[in-house]
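1. take this sequence and fold it.
(4 chains)
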2 protein chains.
Amino acid sequence: MNDISFNPRDCGTCPIRHRAVCSRCEPDELEQLDAIKYYRTFEAGQPVIWSGDPMEFVSSVVSGIATLSQTMEDGRTQMVGLLLPSDFIGRPGRDAAPFDVVAVTDLTLCCFRKKPFEDMMEKTPAIGTRLLQMTLDELDSAREWMLVLGRKTAREKIASLLTILGRRDASLHKRPPRDGMSFELPLTRESMADYLGLTLETVSRQISALKKAGVIELQGKRRVIIPDLEALIAETGSDMDGAPIT
Amino acid sequence: MNDISFNPRDCGTCPIRHRAVCSRCEPDELEQLDAIKYYRTFEAGQPVIWSGDPMEFVSSVVSGIATLSQTMEDGRTQMVGLLLPSDFIGRPGRDAAPFDVVAVTDLTLCCFRKKPFEDMMEKTPAIGTRLLQMTLDELDSAREWMLVLGRKTAREKIASLLTILGRRDASLHKRPPRDGMSFELPLTRESMADYLGLTLETVSRQISALKKAGVIELQGKRRVIIPDLEALIAETGSDMDGAPIT
DNA sequence: GCGCAACTTTGATCAGGATCAAACAAGAAA
DNA sequence: TTTCTTGTTTGATCCTGATCAAAGTTGCGC
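-> So this is what the prediction gives:
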């Protein structure tokens, strides 16, 4: 996570990538983009925004991890998205945030004030096209996750989450996922439970079970080693061949 | 469902509404839109498209109901979307359908061949903007549904589904949802189970339980009467105040 | 009418995961 | 070092919803 470029022209992981947007942009549109862009950092645990709050910016994750979640009055919580570097946060055209966003590690966002961003979207349709594509990807991911939440067993849920985290970690470091890969779990057992619709005890038990079965290995509590990726994928109940989940 | 206009210029419920798109369209763009538009009908039970199949059109539901779902190899099924009149089906910029689409009642789609539609999107940015807004709404709905799947009890799930179906039915007939409203369940018990991540037996039992509790009444197996909407909403575990679910 | 198919309800039992509870591990502060 | 905190593991028990099974309902074709 330290190989992120902070070139103001292109922060590397920013989904509103100038390069992507600007195959047909005029140079002065690039200047504009730089002018309305700023960075914000959050410490681990800090809220970025609460559901319902007015949201005066859109942004993308540069480094760190945030969660998108909902909580019921009685305290039951469901995470509805995991925001990793290059993910987009915000709703052009909307005023209020639909969900809670919380930084789970130290977090850097690349922000754009909303109004000028919207103005620019209007002048540069390619931005809107790119945002539509990203939103469609997120929608597919959310729907894939509905299968996990609605139909998978606890063990399959854990295997699904580990597969996704492993893949995202590999792609973040621009390495192909391969046998023997290892990565750091960015979430506590409780957060994993909130993502999977389980309790933290069940998460712990199923991780132990996968370890005992030799499907994963652990170094400490957080570092996961996947000796055989196919074996882990087999535990997911499959179906989600290769589909990335946000 | 019989108050749908079939004016070729504007099919009434079509999300690519000419009126909506064309506050700033040229008249000849309207002509173009009509030129690439056609209708398709499906009988109840017929598949519209299977996951992975090439999809050469985008479309919107004019009348009837379709479901969007995924199935695992062992047969477990999760519905990931319920497509009611005015909902959009398709992925501009994508070739393959990401999920199975099946007509659950007789279904009429207003279709646009994909390539010309994409060309038109490029020339008429307002279409892309509108599609982005619709996709963001769907994404929010999918994420709200994740809370239902991950954290709600069987009874809360049923109440949530009935609330949504009631609201959608009311808005379809342009009536405000009110106490004493009634509507026809468009889904079998099994489809409801697939949507809620339950078994059909549990769905049946919970509907019976809500009936016994006086929260709903049934006329036959399919017509639901909601004597007190607030009472039903109270059974949902709440939190989803007013949010429409696709 | 009858018979059949599809859908639904209800019952009995089982099991997966939740809940309650306690102990353990590791880091931070004193 | 000790103590405190936060996160994790493990154990015992309970309960919700799944599973297996059978009977009831409705509509349709003959």
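2. contacts only, for the residue nearest the centre of chain A.
-> The centroid of chain A falls nearest to residue A:83 when counting by C-alpha atoms, centre = their mean (2.4 Å). Taking C-beta atoms under 8 Å, 6 or more residues apart in numbering or on different chains, we find residue A:83 in contact with A:61, A:65, A:66, A:67, A:68, A:89, A:101, A:246. No exception for glycine: its C-beta is placed from N, CA and C like everyone else's.
3. which residues touch residue A:198?
-> Residues near residue A:198 by C-beta under 8 Å, 6+ apart: A:154, A:157, A:192.
4. will you turn the residues you listed into a markdown table that also has pLDDT and secondary structure?
-> Below are those laid out as a markdown table (pLDDT from 0 to 100; DSSP: H, G, I helix; E, B strand; the rest coil):
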| residue | pLDDT | secondary structure |
| --- | --- | --- |
| A:154 | 98 | helix |
| A:157 | 98 | helix |
| A:192 | 97 | helix |
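5. and those near DNA strand C, which?
-> Among those, the ones lying near DNA strand C by C-beta under 7 Å from any atom of the strand are residue A:154.
6. what's the closest of the contacts of residue A:198 to residue A:36?
-> Closest approach to residue A:36 among the contacts of residue A:198 (C-beta to C-beta): residue A:192, at 36.6 Å.
7. any idea how far that closest one lies from residue B:213?
-> Distance, residue A:192 to residue B:213, using C-beta to C-beta, to the nearest Å: 35 Å.
8. those two - which one has more neighbours?
-> Relative neighbour count places residue A:192 above the other of residue A:192 and residue B:213, with 24 against 11, counting by other C-beta atoms under 10 Å in any protein chain shown.
9. quick one: least confident helix or strand in chain A?
-> helix A:18-21 (a mean of 42; mean pLDDT, DSSP states H and E).
10. shaky segments in chain A?
-> Judged by pLDDT under 70, chain A has its weakly predicted residues at A:1-34, A:239-246.
11. in it, which spans are helices?
-> Per DSSP state H, chain A carries helices over the ranges A:18-21, A:27-35, A:114-123, A:125-151, A:154-172, A:189-196, A:200-212, A:229-235.
12. now distance to residue A:41 too, for the ones you listed, in a markdown table please.
-> Formatted as a markdown table, those follow (distance: least, C-beta to C-beta, whole Å):
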| stretch | distance to residue A:41 |
| --- | --- |
| helix A:18-21 | 21 |
| helix A:27-35 | 19 |
| helix A:114-123 | 19 |
| helix A:125-151 | 23 |
| helix A:154-172 | 19 |
| helix A:189-196 | 20 |
| helix A:200-212 | 28 |
| helix A:229-235 | 34 |
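13. nearest to residue A:53, out of those?
-> Of all the helices of chain A, helix A:114-123 comes closest under C-beta to C-beta, at 13.0 Å.
14. residues of that closest one that come out buried?
-> A:114, A:117, A:118, A:120, A:121 (16 or more other C-beta atoms under 10 Å in any protein chain shown).
15. for DNA strand C, see how far away residue A:133 is.
-> Residue A:133 sits at a distance of 35 Å from DNA strand C (criterion: C-beta to the nearest atom of the strand, to the nearest Å).
16. what about the closest residue in space to that residue that isn't next to it in sequence, distance to DNA strand C?
-> Taking C-beta to C-beta, 6 or more residues apart in numbering or on different chains, and ignoring the residues beside it in sequence, residue A:133 has residue B:93 as its nearest neighbour in space, at 5.9 Å. Distance of residue B:93 to DNA strand C, given as C-beta to the nearest atom of the strand: 36 Å.
17. could you do residue A:58 as well?
-> Counting by C-beta to the nearest atom of the strand, the gap from residue A:58 to DNA strand C is 34 Å.
18. okay, now that residue: neighbour count?
-> Around residue A:58 there are 22 residues (other C-beta under 10 Å).
19. how about the contacts of residue A:198 in a markdown table, adding distance to residue B:39?
-> Shown next, in a markdown table, are the contacts of residue A:198 (distance: C-beta to C-beta, whole Å):
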| residue | distance to residue B:39 |
| --- | --- |
| A:154 | 46 |
| A:157 | 42 |
| A:192 | 47 |
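20. closest to DNA strand D among the contacts of residue A:198?
-> residue A:192 (7.9 Å; C-beta to the nearest atom of the strand).
21. and for the spatially closest residue to the closest one that is not a sequence neighbour, the neighbour number?
-> Residue nearest to residue A:192 in three dimensions, not counting chain neighbours: residue A:203, with 4.9 Å by C-beta to C-beta, 6+ apart. Counted with other C-beta under 10 Å, residues neighbouring residue A:203 total 24.
22. returning to what we had before: between the contacts of residue A:198, which is nearest residue A:52?
-> residue A:192 (25.9 Å).
23. contact partners for the closest one?
-> When contacts are counted by C-beta under 8 Å, 6+ apart, residue A:192 touches A:158, A:161, A:185, A:198, A:200, A:203.
24. check contacts around the last one.
-> Spelled out, that is residue A:203. A:154, A:158, A:189, A:190, A:192, A:193, A:196.
25. 7 Å - rerun?
-> With contacts defined as C-beta atoms under 7 Å, 6 or more residues apart in numbering or on different chains, the neighbours of residue A:203 are A:158, A:189, A:192, A:193, A:196.
26. next one: it from chain B, what distance?
-> 13 Å (C-beta to the nearest C-beta, to the nearest Å).
27. again with the fifth one
-> As defined by C-beta to the nearest C-beta, residue A:200 lies at a distance of 14 Å from chain B.
28. isn't that residue up against residue A:193?
-> Yes. Counting by C-beta atoms under 7 Å, residue A:200 touches residue A:193, with 4.5 Å between them.
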